[in-house]
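Asker: Mind folding the following:
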Amino acid sequence: MEKHKCGWCVGDDLYEAYHDNEWGVPVKDDNTIFEFLILETFQAGLSWITVLRKRENFRNAFDYFDYKKIASYDETKIEALLQDEGIIRNKLKVRATVSNAQAFIKVQEEFGTFSKYIWDFVNDKPIKNSFKNYKEAPGNTPLSDALSKDLKKRGFKFVGSTVVYAHMQATGMVNDHEVGCFRYNEV
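Answerer: This is a model prediction of the structure:
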């Protein structure tokens, strides 16, 4: 018997695998949080499936999202990334990835881990919403507004409230699985 899944992922094997195994699962590991944050920034203005299909290319191009390496990228590396057809070659987003890695490290220095910093916004506990249809989920919330504002204050770029809310959904800070989805009570 087919399990009910959130409507947004149905019909694409890659999307369904991402939904079934990753989306909404609480992430506390700084490396994984950074990967999702960068992928979400590249997604701004595009569909998530576009980024998901290029995820392995992004991992290869950006040293598997090693933020310490990325923070030290020079112009030569940035230019090479801008020529890489496997990724989204947006100059502002590529440069933002470097500055976001630098800002990420500063947050770690201040809070011990980036995870502690970001999860403090939800008191270290996922917010569990109750949407019957994924279309009911908001694009942003007052909480994502506050987190976005704080990230920008700390030097992050491409972290508007909608990007931040998508990041919160992806990393399990909010559970926006449809209540009828088999993952709703699992994450």
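Asker: what's the burial count for residue 88?
Answerer: Neighbourhood size, residue 88 [other CB atoms under 10 Å]: 19. Where you see a C-beta, it was placed from the backbone N, CA and C, and this is true even at glycine.
Asker: What helix or strand is the residue positioned nearest the centre of the chain located in?
Answerer: The residue lying closest to the centre of the chain (CA atoms, centre = their mean) is residue 36, at 3.1 Å. Element membership for residue 36, per DSSP states H and E: helix 30-43.
Asker: Could you list which residues are in contact with the nearest residue to residue 62 once chain neighbours are set aside?
Answerer: Of all residues not flanking residue 62 in the chain, residue 70 sits nearest, at 6.0 Å (CB to CB, 6 or more residues apart in numbering). Going by CB atoms under 8 Å, 6 or more residues apart in numbering, residue 70 touches 62, 63, 97, 98, 101.
Asker: and the angle from whichever helix or strand the last one is part of to helix 30-43?
Answerer: With secondary structure defined by DSSP H and E, residue 101 is part of helix 91-111. Taking axes from the mean of the first three to the mean of the last three CA atoms, to 10 degrees, helix 91-111 and helix 30-43 form an angle of 150 degrees between their directions.
Asker: can you pull the buried residues of helix 91-111?
Answerer: 93-105, 107-108 (16 or more other CB atoms under 10 Å).
Asker: In three-state terms, how would residue 45 be classified?
Answerer: coil (DSSP: H, G, I helix; E, B strand; the rest coil).
Asker: all helices in this structure, in order from the N-terminus.
Answerer: Ranges of helices within the chain are 13-21, 30-43, 48-53, 55-61, 67-70, 75-83, 91-111, 114-119, 142-153, 161-170, based on DSSP state H.
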